[in-house]
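# Provide a 3D model corresponding to the input given below.
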Amino acid sequence: MYEEVVAMKLKFVLLTTLSALLAFSAPIYAESETSLSESSLLNSLGISTQNTHINHIAEKSGIFVGIGAATHEFKITKVSGTLLLGYTQFFNKYLGIRMYLNYERLPSDYYGGLNIDLIYDIFQGEKLGFGIIAGSSNGYIAFQNKEEGYISQVNAGVSFNFDGGHNRLELLARIPLNNTTFRPLPKAMPLYTFSYTYTF
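The predicted structure is shown next:
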């Protein structure tokens, strides 16, 4: 009789202990399962669950180089190249300023100048952004007939940035404010450029 009572008490203690352990571990297991399922779902959608915060000011600021196409007319035979080299400084993830040298060699003329542009990225996500560019270009232009002079122009365009701002594609129009300093000269025409720049 005594042995049966002891056995019953031991069973009761074991059952009570097991029940307490199950009650304590159930919320942790449920939370772990939820986190794993959410993480798996996000990863399956191509969304990283790791901390990928980008410092856009650092990514967008620095020395940059660029290359692209330039033309006065939208004809394949009139397209030539453009080169850019300068420095960009962003004050926050949206607003920045840049100063750079550019050179264009076209069938009708060549141009080299100093540019100052204001860049405003209207939208800036973690990786991609879109914005507008406005500024000025002052430089030297020479035509095929060997006449030449200085000219001031307005820069205006749009840009798309990738990889947090390191890479940028831009479509820019360069509009003359005045004709060149020497007369007579061919009328300076608006120039359209499509370029890629990389910021180090």
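
# pLDDT weak spots in the chain?
For the chain, the stretches flagged by pLDDT under 70 are 1-53, 179-187.

# hmm, 80 instead?
Across the chain, residues meeting the criterion (pLDDT under 80) sit at 1-54, 75-77, 145-146, 178-188.

# Correct me if wrong: Gln89 contacts Arg98.
Yes: contact criterion C-beta atoms under 8 Å: Gln89 and Arg98 qualify, at 7.3 Å. Backbone N, C-alpha and C define where each C-beta goes, glycine included.

# Between the two, point out the one with more neighbours.
For Gln89 versus Arg98, neighbours defined as other C-beta atoms under 10 Å are more numerous around Arg98 (22 against 13).

# And the more buried one, which helix or strand is it part of?
Arg98 belongs to strand 95-105 when assigned by DSSP states H and E.

# Okay, now the sheet partners of that strand, with direction.
Strand 95-105 has the following strand partners under DSSP bridges: strand 80-90 (antiparallel), strand 109-124 (antiparallel).

# Which neighbouring elements make contact with the helix or strand just after the longest one?
To tie it back to what came earlier, the one meant is strand 109-124. In the C-terminal direction, the helix or strand that comes right after strand 109-124 (DSSP H and E) is strand 129-143. Contacts defined by 3 or more C-beta pairs under 8 Å, 6 or more residues apart in numbering; DSSP states H and E place strand 129-143 against strand 109-124, strand 148-162, strand 167-176.

# any chance of these in TSV, with distance to Tyr140 too?
Shown next, in TSV, are the helices and strands packed on strand 129-143 (distance: least, C-beta to C-beta, whole Å):
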stretch	distance to Tyr140
strand 109-124	6
strand 148-162	6
strand 167-176	13
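
# winner for burial among those?
Counting by mean count of other C-beta atoms under 10 Å, strand 167-176 has the highest mean neighbour count of the helices and strands packed on strand 129-143, with a mean of 19.

# Tell me the helices and strands packed up against it.
Strand 167-176 packs on strand 129-143, strand 148-162, strand 191-199, going by 3+ C-beta pairs under 8 Å, 6+ apart.

# quick one: which of the ones you listed is nearest Gly81?
strand 191-199 (9.5 Å; C-beta to C-beta).

# For Ser159, give the beta-bridge partners.
Gly131, Glu170.

# Identify the residues contacting it.
Going by C-beta atoms under 8 Å, 6 or more residues apart in numbering, Ser159 touches Ile119, Asp121, Phe130, Gly131, Ile132, Ile133, Arg168, Leu169, Glu170, Leu171.

# Out of those, which two are the most distant from each other?
Farthest pair in the contacts of Ser159 (C-beta to C-beta) is Asp121 and Leu171. Separation: 14.9 Å.
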